[in-house]
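S.K.: sequence below, structure please.
(chains A, B, C and D)
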Number of protein chains: 2
Amino acid sequence: MVQKKQITSQDVALRAGVSRTTVSLVLNNKHELSQISPKTAQRVFRAAQDLGYVPNAAAQALVSKKAGVIGLVLSRSHHQISSDVFLTQVVDALVLEAHQNQMRVLLDVLEDHEDQNSYQRLIQARQVDGILFSGPRTDDRALDLLAKTDFPTVLMGGLPASPFYSVDVDNIQAAKMATQHLISLGHRRIGCITNATPVFTAAADRLRGYHLALQENHLPIDDRLVRFGDFDPPSGYRAMQGLLSVQPNPTAVFIASDVVAFGAMSALHDAGLQIPADMAVVSLDDVPLSAFISPRLSSVHLPISQLAQAAGSLLIDLINGKRPTRKQIILDTHLVIRESCGGGQGRNSQ
Amino acid sequence: MVQKKQITSQDVALRAGVSRTTVSLVLNNKHELSQISPKTAQRVFRAAQDLGYVPNAAAQALVSKKAGVIGLVLSRSHHQISSDVFLTQVVDALVLEAHQNQMRVLLDVLEDHEDQNSYQRLIQARQVDGILFSGPRTDDRALDLLAKTDFPTVLMGGLPASPFYSVDVDNIQAAKMATQHLISLGHRRIGCITNATPVFTAAADRLRGYHLALQENHLPIDDRLVRFGDFDPPSGYRAMQGLLSVQPNPTAVFIASDVVAFGAMSALHDAGLQIPADMAVVSLDDVPLSAFISPRLSSVHLPISQLAQAAGSLLIDLINGKRPTRKQIILDTHLVIRESCGGGQGRNSQ
DNA sequence: CTATTCTAATTACACGTGTTAGTGACGCGT
DNA sequence: ACGCGTCACTAACACGTGTAATTAGAATAG
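M.R.: All right, here's what the predicted structure looks like:
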C-alpha cells in the first residue's frame, strides 16, 4: 500500500513559479474573467500536464459544496432487483448523461429490511448532489420527509400526487392499449397477470388500465381472472397456473410485465397449450429479449432509455438551480405487434 | 434551493457542552481507548441524535484519505452493456458487500471512444478507494499503467498473466464441459457460436474449451462451424443463420452465452427447425431466464453472485491493507441439464 | 507540603481546494 | 508631482473533520 504521494496544486504552483491561487484560477478557466496573462496560463497548463495533476475530489467537494455525484437509488428487494432487465439501460443512459456534465453516478440499493435513513445519510453527508429514485413505493415514509427539504430529487415511476419531479409513462393508458388490442382481435374473456402487488403504483395503474378497457367495451369483470405477479418469471408461472384453473379458461391474457410473461408462457407450454392458438398473450415493457423468444412477444414498448435520460437531465437541471415548470414528464408508449396474439389479419375467437 | 444549514460537529459540541474533539472521539467509538467519562459520552450521543447530525463525507474523506467508496468500472460498449443480464446481480451482490463495510458503490462505464484516463481520474482524484474492473479487454493500455501503482484493484473476468488480483471461472473448462455433454449424447458434428470476438479473454477461452473437447474425442475441427457472436441476441441470430448455410448442418451447437443463444434459437425457430430434434443446443452462463424459455435451455451455470461477492470481499481486503496470498480466485461451474439438448436418456444422432 | 501520576478533557494543526480582499507595479492624464 | 485606474498576481481565510500534543485539575505517594 505504498500510495504514490498525492500531487497538489501547490506542487503545480511551485513548478510554474506562481502562487497556488493562480493555478486554481487557470485550471478552472477563470483566467479570462480574471486578469492572468496568457504566458502564465500556458506555464501553468504545462506544469499541471507534466505532473499529471488531478485535483482532489474530496477537497473540491468540501469547499465548493458540490459532490459532483448523483445518486441512483433503487428501492427494491433482493429477488426483485436480480430480475430487473431494465437496470442496464437505466445505468447506461444515466452515466452518459452524468458524464456530459462532469458528474459521476453513485448507486445504492434500498432493501426492505434496511433502515430508511440509508439514503438520508447520502444526502445529509452531502455525498450526492441529487437523487434519482427508481421504483418508489407508496409506503415509503422517508420520502415524505425528503419532500420537505427540497433536495434535488427525481422519481422514475411516479407516485400519485407527490410533490416530486417525476418521469414516467402513462401506465393506465399503456395497459389499456394492450388490453384493447386483445379485445379488437375478438377476445371476450381476457385474464390479467399483474407485474407486482398493487403496493407499487405502476402495478396498480396497469391493473386499472386493464379494467378500464374491459369497461369501455362493456365486458364483464371477473376477479378470478386477475392474478398477481411478483417481478420474476416464477411468479408468472404460478400466476398462469392459477389462471388455468379457472373454468372456462380465458382465451387471452394481458400480462403487465415481459419478465413475468416469460414465466407465464412457460406455464402455458408445460400445460400443452399453444400461443396464440389456445391463448393469446400481450405484455408490457418490451424488453429487448421479447423479440427473440418464440413465439415473439407482442408488447407495449416502454422507452426506458429515454426515460432514464430525461430523468437524468431533469435532475441535473435541478442541481444547477433551475426550476422547470413542468413537474411531471410523461413519455409515450406504443404497442409492438409480434406473434403472441395471433395474426394482424384478425382472429375471431369464440 | 434553500439548502438546510449543514449541521456540523461544532453544533453538537455546543449542545453537549463539550469540545468538538470530544464529539469526534465519542462518535467514532474512540472514547473507550481514550478517557471519556460515560456520562459525557451519553450527552454527546444525545446531542447528535437530537440534531440529526451526519458527518460531512467530503471532510471525512479529505482528512482520513479514505473516500469510503468503491468503484465498479464496466468496460463495455453501448450495445454490449444494454444486453448485459448479469449487471443486476453483480450490482446487488457488490452493494451488499459494500454496505457491510460502510462503503458505497460508484459506477462508471468505459465507452470505447472515451479517453482511457476516465478511471485514472477516479483514482487520482481519490474519489474511490479501490476499483472492481468488470470485463477488461486485452488491449486496454491504461491497465498496464494501473498495474504499476499498486492501487487496490480486482478484475472480474481474468486477464491472462496479469499482475492483478482477479476473480473468475475457468472458462475453458466450462466450455469443454458443455461441448463434452453434446459429444456424450452422440453428436459428432458440433457447431460453436462464441459470445464475443476473441479480443475478449472470456470469448477466446470458451472457444478454446470447445476445441479441446473436440480434440480429446478425436473429432475433426471445421472452422466453418465456428461463428462469432457479439453479446446480444441479434448477433446470435445472424451467427446461427451462417451456421445453417453450411452443408451438412451440424446436429448440435455450443453457444458460449445464453443471451446470444436466445437469438440463435430464434433463428432455428424461424428456419422451421426443432430443438433439440433437429439441433441440440447447449449454452453457457445460465441466466435466470434460461429456465423459462421453451425449450428450457441447458446451460453451464456461472455463479455470478458469488463471483461478485468474492470480488467485492477481496477488494475490501485490499483496501484495508491485507495482502491475500492467492492472486486468483476461480469458482466452480456446473452443467444444468434441461430440455434443449434432448433427454438425459441419451440420444443417438446421425 | 511537594512531586508524581492519572483523569478528562481541550488547543492547535493538518488535509487540499475555491475565493475574497488586497497589494505592488506601472502607465497616463493633468 | 499626484491621483487614478488597470494589470497581474498573492496572502489569507473558509470548508468540516480526525488526531497528536498539551493542559488543568484531582488524586495519590513520598
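
S.K.: hey, let's count contacts and neighbours off CA atoms from now on
M.R.: Fine.

S.K.: what about residue A:284, which SS state?
M.R.: Following DSSP: H, G, I helix; E, B strand; the rest coil, residue A:284 is assigned to strand.

S.K.: state the pLDDT value of it.
M.R.: The confidence metric pLDDT takes the value 98 at residue A:284.

S.K.: surely it is in contact with residue A:301?
M.R.: Yes. At 6.6 Å, residue A:284 and residue A:301 qualify as touching, with contact defined as Cα atoms under 8 Å.

S.K.: higher neighbour count, these two?
M.R.: For residue A:284 and residue A:301, the more surrounded residue by other Cα atoms under 10 Å in any protein chain shown is residue A:284, and the numbers stand at 30 against 19.

S.K.: what parts of chain A come near DNA strand D?
M.R.: Counting by Cα under 7 Å from any atom of the strand, the positions of chain A adjacent to DNA strand D are A:17-22, A:34-37, A:40, A:59, A:62-63.

S.K.: can I get those in JSON lines with neighbour count and secondary structure?
M.R.: Rendered in JSON lines, the data for these read as follows (neighbours: other Cα atoms under 10 Å in any protein chain shown; DSSP: H, G, I helix; E, B strand; the rest coil):
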{"residue": "A:17", "neighbour count": "15", "secondary structure": "coil"}
{"residue": "A:18", "neighbour count": "15", "secondary structure": "coil"}
{"residue": "A:19", "neighbour count": "15", "secondary structure": "coil"}
{"residue": "A:20", "neighbour count": "16", "secondary structure": "helix"}
{"residue": "A:21", "neighbour count": "12", "secondary structure": "helix"}
{"residue": "A:22", "neighbour count": "21", "secondary structure": "helix"}
{"residue": "A:34", "neighbour count": "11", "secondary structure": "coil"}
{"residue": "A:35", "neighbour count": "9", "secondary structure": "coil"}
{"residue": "A:36", "neighbour count": "14", "secondary structure": "coil"}
{"residue": "A:37", "neighbour count": "10", "secondary structure": "coil"}
{"residue": "A:40", "neighbour count": "17", "secondary structure": "helix"}
{"residue": "A:59", "neighbour count": "19", "secondary structure": "helix"}
{"residue": "A:62", "neighbour count": "18", "secondary structure": "helix"}
{"residue": "A:63", "neighbour count": "11", "secondary structure": "helix"}
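
S.K.: now, the most widely separated pair of those residues?
M.R.: Longest distance between any two of the residues of chain A next to DNA strand D is 29.3 Å, between A:37 and A:62; criterion Cα to Cα.

S.K.: for whichever residue of the stretch 201-350 of chain A sits closest to DNA strand D, phi and psi?
M.R.: Residue of the stretch 201-350 of chain A nearest DNA strand D, by Cα to the nearest atom of the strand: residue A:319 (18.1 Å). Dihedral pair for residue A:319: phi -60, psi -40, per degrees, to the nearest 10.

S.K.: thought it was touching residue A:131?
M.R.: No. Between residue A:319 and residue A:131 there is no contact under Cα under 8 Å: 9.6 Å.

S.K.: out of those two, which sits in the busier spot?
M.R.: residue A:131 (26 against 20).

S.K.: state the mean pLDDT of the helix or strand harbouring that one.
M.R.: Assigned by DSSP states H and E, residue A:131 belongs to strand A:130-134. Mean pLDDT, computed over strand A:130-134, is 93.

S.K.: does that strand come close to chain B?
M.R.: No. Strand A:130-134 lies apart from chain B when judged by Cα under 8 Å from any Cα of the partner chain; the minimum separation is 11.6 Å.

S.K.: pairing partners for that strand, with directions?
M.R.: Counting by DSSP bridges, the strands paired with strand A:130-134 are strand A:69-75 (parallel), strand A:153-156 (parallel).

S.K.: let's test this: mean pLDDT of the first one, rounded?
M.R.: Going back to what we said before, that points to strand A:69-75. In this model, strand A:69-75 has a mean pLDDT of 93.

S.K.: how about stretch A:324-344?
M.R.: The model assigns stretch A:324-344 a mean pLDDT of 90.

S.K.: what does stretch A:149-158 give?
M.R.: The average of the pLDDT scores along stretch A:149-158 is 88.

S.K.: now do the end-to-end distance for that stretch.
M.R.: Chord length of stretch A:149-158, first to last residue, is 19 Å (Cα to Cα, to the nearest Å).

S.K.: list the buried ones in it?
M.R.: A:151-158 (16 or more other Cα atoms under 10 Å in any protein chain shown).

S.K.: please apply the same query to stretch A:93-101.
M.R.: Buried residues in stretch A:93-101, counted by 16+ other Cα under 10 Å: A:93-98.

S.K.: distance of residue A:192 relative to chain B?
M.R.: 19 Å (Cα to the nearest Cα, to the nearest Å).

S.K.: to clarify, my last question referred to residue A:153.
M.R.: Between residue A:153 and chain B the distance, using Cα to the nearest Cα, works out to 12 Å.

S.K.: how about the contacts made by residue A:260?
M.R.: If you count contacts by Cα atoms under 8 Å, 6 or more residues apart in numbering or on different chains, residue A:260 has them with A:195, A:229-237.

S.K.: what about stretch A:144-151, near chain B?
M.R.: Yes. Residues of stretch A:144-151 are located near chain B by Cα under 8 Å from any Cα, namely A:149-151.

S.K.: please disregard the earlier target; I meant stretch A:241-252.
M.R.: No. Shown here: stretch A:241-252 not in contact with chain B (Cα under 8 Å from any Cα), separated by at least 14.1 Å.

S.K.: can you list contacts of that stretch?
M.R.: With contact meaning Cα under 8 Å, 6+ apart, stretch A:241-252 is reached by A:182, A:187-191, A:224-227, A:264, A:267, A:278-281, A:341, A:349.

S.K.: 7 Å - rerun?
M.R.: Stretch A:241-252 has contacts (Cα atoms under 7 Å, 6 or more residues apart in numbering or on different chains) with A:187, A:189-191, A:225, A:267, A:278-281.

S.K.: now do the buried residues in it.
M.R.: A:241, A:243-244, A:250-252.

S.K.: so where do the helices sit in the stretch 1-150 of chain A?
M.R.: Under the criterion DSSP state H, counting those that start in this stretch, the stretch 1-150 of chain A contains helices at A:9-16, A:20-27, A:38-51, A:57-64, A:78-81, A:87-100, A:118-124, A:141-149.
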